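*Asks:* What shape does this take:
(one chain, ligands or ions: 1)
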Amino acid sequence: MSALQKLVLASGSPRRVELLQQAGIEPDRLAPADIDETPLKSEHPRSLARRLALGKAEKAHERLTQDGEAEGHYLLAADTVVSVGRRILPKAEMVDEASNCLQLLSGRAHRVYTGLCLITPSGKVRQRIVETRVRFKRLSHEELESYLASGEWRGKAGGYAIQGLAGTFVVKLVGSYTNVVGLPLYETVNLLVAEGYKVHFNWLSGLGAR
Ligand SMILES: Cc1cn([C@H]2C[C@H](O)[C@@H](COP(=O)(O)OP(=O)(O)OP(=O)(O)O)O2)c(=O)[nH]c1=O
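*Replies:* The predicted structure follows:
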């Protein structure tokens with residue numbers, strides 16, 4: 001798939017770039033947007049994912065506009081939130097945070113929401129929220145400790161990365177797997193296409209699975 005228009009990915013997440021590439025879409029530009037990701041009081045995780053995706057998109061769009069580079073561009077942003085019930089888990093930066101998250105997730109089901117926000121070249125703002133349910137096995141002390149030692153949890157919502165070692169913790173998953181990794185591919189491609197982003201289906205000469 002190759003694009004006829006320009007696509008800006010408002011993200012600094014290497015996972016999101018890789019996921020887009022997996023769909024055969026190469027972003028023309030990366031424009032990470034740093035925003036305050038603190039949840040509001042009693043904010044629902046779904047609302048948080050929606051608000052933060054919009055915030056990232058608007059901030060990146062504003063910057064592109066200031067630089068005179070917004071014209072003719074699609075701009076895509078995303079935010080992934082992990083929750084147990086209404087409790088929102090942090091994006092783990094410290095080992096203690098990761099440890100607390102994993103103890104909470106152990107032997108239970110949780111939800112992962114990714115908010116998508118697309119700003120079209122004509123300035124329309126389109127949003128989608130995608131939900132995946134995941135159940136983890138009960139983690140032993142050894143599993144928890146060795147996972148923490150791996151460092152794979154760093155910078156990940158909920159303190160784990162399903163695409164790595166934590167994939168072995170998953171008993172059941174309902175919904176989109178790529179949504180958990182940070183960008184739901186089915187919904188992202190649908191959203192782009194619905195808003196007129198023209199793609200060539202050229203998969204025969206594409207990347208392919210390795
Ligand atoms: C649950 C889970 C999250 N994650 C990642 C996806 C996101 O990168 C991150 C959640 O943080 P986000 O705030 O959604 O994204 P980010 O800060 O990494 O990137 P940016 O805002 O620049 O786009 O957690 C995984 O990689 N695997 C997982 O299994």
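*Asks:* List the residues that contact the residue nearest in space to the middle of the chain.
*Replies:* Using Cα atoms, centre = their mean, the residue of the chain that lies closest to the mean C-alpha position is Gly182, 2.3 Å off. Counting by Cβ atoms under 8 Å, 6 or more residues apart in numbering, Gly182 touches 13, 15-16, 19, 78, 80, 114. To be clear about C-beta, it is placed using only N, CA and C from the backbone, and glycine gets the same treatment.
*Asks:* can you narrow these to ones near the ligand?
*Replies:* Near the ligand, judged by Cβ under 6 Å from any ligand atom, the entries from those are 13, 15-16, 78, 80.
*Asks:* Pull out the buried residues from those.
*Replies:* 13, 15-16, 78, 80 (16 or more other Cβ atoms under 10 Å).
*Asks:* Those in strands, which ones?
*Replies:* Judged by DSSP state E, those include 78, 80 as members of strands.
*Asks:* Of the buried ones among the ones next to the ligand among the contacts of Gly182, which is the nearest to Ala161?
*Replies:* Comparing those against Ala161 with Cβ to Cβ places Arg15 closest, at 8.2 Å.
*Asks:* quick revisit: redo the ones next to the ligand among the contacts of Gly182 as JSON lines? Include distance to Val170.
*Replies:* What follows is the ones next to the ligand among the contacts of Gly182, written out as JSON lines (distance: Cβ to Cβ, whole Å):
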{"residue": "Ser13", "distance to Val170": "21"}
{"residue": "Arg15", "distance to Val170": "17"}
{"residue": "Arg16", "distance to Val170": "21"}
{"residue": "Ala78", "distance to Val170": "21"}
{"residue": "Thr80", "distance to Val170": "16"}
